[in-house]
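Participant: Show me how the following folds:
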Amino acid sequence: MSDDHAKSGQGPRPARRQRLANSTHRLGLLPLLQGARRLLRRDLRVLAYHRVRELSDGFAFDPDLVSATPEDFRAQMRHVAQRFHPVSCREVVAALDGGPALPRDPVLVTFDDGYDDNHAIAFPILREFGVPATFFVATGHIDNGLPYGYDWLAHLVVTARTGRLQLPTLDIDVPLPSGLEARRELSGLVLYRLKYLDDAGQQALIAEFERACDRPRSQGHVDCRPMTWDQLREMRDAGMDIGAHGVHHRMLAKLPDEALLDEVTQCQRRLTEELGTPAISVSYPVGGPDAYDARVLDAVRAHGFRIGFSYVSGTNPLPAADRYRLLRTPVETSVDRAWFEGMLAVPEMFAHRSTLRTYS
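Facilitator: Here you go, the predicted structure:
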């Protein structure tokens with residue numbers, strides 16, 4: 001479910017960026033580069049996280065969704081607080097509306113989906129350093145407490161007991177490897193190909209595979225639980241923003257009109273009922289260019305959302321050209337300290353590029 005999976009640790013180009021970041025960090029050049037960039041560009045950096053937790057050997061879900069360990073996340077937020085100006089989503093909206101301008105080097109921290117480790121691990125660290133964040137949640141999962149569909153599919157692939165993985169719709173018919181890492185890699189391929197399908201095809205495949213494995217999502221799992229409304233209210237009261245991520249984490253642009261409107265309106269309705277005020281921000285589930293379209297943008301504008309975020313890597317010039325297509329910088333466990341600091345100091349040099357789906 002890691003949206004458009006910009007896998008920063010794979011391939012020669014990301015490796016070169018990491019080596020360059022390590023060398024630049026070792027020579028103490030990042031503060032100089034950041035200072036020079038500050039004179040030339042005024043933009044908003046938005047960090048995109050999913051989960052903060054230890055990635056144990058027994059973790060049988062999508063590892064690409066684990067953005068950082070608790071230790072790394074603490075170091076990252078310390079750096080954001082010390083070297084940049086962390087801002088809230090409401091401050092960003094106010095600036096876009098013509099209010100007070102954002103400070104130099106503003107950074108907005110965001111989380112997608114609504115995993116319970118956001119509350120248990122990330123939230124205390126954010127409070128520790130006084131960094132506000134926006135948590136985009138899929139309200140249907142907050143309501144029912146069930147794992148997310150993409151997560152459960154990955155889990156079934158990783159833990160399947162059959163000898164082969166046969167998913168003809170995705171053109172996959174391969175022996176199931178025995179090693180955990182190989183199974184995790186295979187689950188990533190399944191999720192990537194799944195997202196080419198329309199929504200009906202995606203939901204049908206997930207449901208069919210659940211039945212074939214005789215392991216319905218209703219079983220739940222301790223390693224893949226959403227937050228609760230009480231936890232979200234606690235975070236909101238502590239200064240965090242809670243935004244929308246649909247009801248069932250569907251790719252909105254792949255839905256027919258009625259279902260699309262239902263995802264947007266019902267998500268806003270539940271957020272308003274539980275938190276007392278309408279949400280102002282939305283993150284498009286999966287987040288690549290095929291995950292939102294003109295219909296989606298019209299729907300979120302019409303239902304009170306003031307700002308929208310993709311999962312495409314990049315920074316946002318100020319003032320933003322399009323407040324409903326803001327770019328973010330994904331953070332992943334492969335990003336070490338030097339690379340993280342380089343990504344923030346000079347994103348053009350060090351931030352990895354999104355690997356987006358293309359269509360023939």
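
Participant: Pull out the buried positions in stretch 162-179.
Facilitator: For stretch 162-179, a neighbour-count test (16 or more other Cβ atoms under 10 Å) marks Leu165, Leu167, Leu170, Ile172, Leu176 as buried. Using the backbone N, CA and C atoms, a C-beta is placed for each residue, glycine as well.

Participant: chain center to that stretch, what's the gap?
Facilitator: From the chain centre to the centre of stretch 162-179 is a distance of 27 Å (Cα atoms, centre = their mean, to the nearest Å).

Participant: end-to-end on it?
Facilitator: 14 Å (Cα to Cα, to the nearest Å).

Participant: Find the least confident helix or strand in the protein, judged by mean pLDDT.
Facilitator: Ranked by mean pLDDT, DSSP states H and E, the helix or strand of the chain with the weakest confidence is helix 12-26, at a mean of 70.

Participant: The helix or strand following it packs against which elements?
Facilitator: For helix 12-26, the following helix or strand on the C-terminal side (DSSP states H and E) is helix 30-40. Packing partners of helix 30-40 (3 or more Cβ pairs under 8 Å, 6 or more residues apart in numbering; DSSP states H and E): helix 337-345.

Participant: Now do the buried residues in the helix it packs on.
Facilitator: By 16+ other Cβ under 10 Å, the buried positions in helix 337-345 come out as Ala338, Trp339, Phe340, Glu341, Gly342, Met343, Leu344, Ala345.

Participant: The helix or strand following it - what's its average pLDDT?
Facilitator: The C-terminal neighbour of helix 337-345 among helices and strands, as given by DSSP H and E, is helix 347-350. Taken as a whole, helix 347-350 has a mean pLDDT of 85.

Participant: tell me which residues in helix 347-350 are buried?
Facilitator: Across helix 347-350, burial judged by 16+ other Cβ under 10 Å covers Pro347, Phe350.

Participant: returning to that earlier point: turn the buried residues of helix 337-345 into JSON lines, including distance to Val286.
Facilitator: Formatted as JSON lines, the buried residues of helix 337-345 follow (distance: Cβ to Cβ, whole Å):
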{"residue": "Ala338", "distance to Val286": "30"}
{"residue": "Trp339", "distance to Val286": "25"}
{"residue": "Phe340", "distance to Val286": "24"}
{"residue": "Glu341", "distance to Val286": "28"}
{"residue": "Gly342", "distance to Val286": "27"}
{"residue": "Met343", "distance to Val286": "22"}
{"residue": "Leu344", "distance to Val286": "25"}
{"residue": "Ala345", "distance to Val286": "29"}
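
Participant: which of those residues lies closest to Leu327?
Facilitator: Closest approach between the buried residues of helix 337-345 and Leu327, by Cβ to Cβ: Met343, at 13.0 Å.

Participant: Show me where the chain has its strands.
Facilitator: Assigned strands in the chain, in chain order: 43-49, 51-52, 66-68, 85-86, 106-113, 133-137, 164-167, 172-175, 241-244, 281-283, 307-313, 316-317, 326-330 (criterion: DSSP state E).
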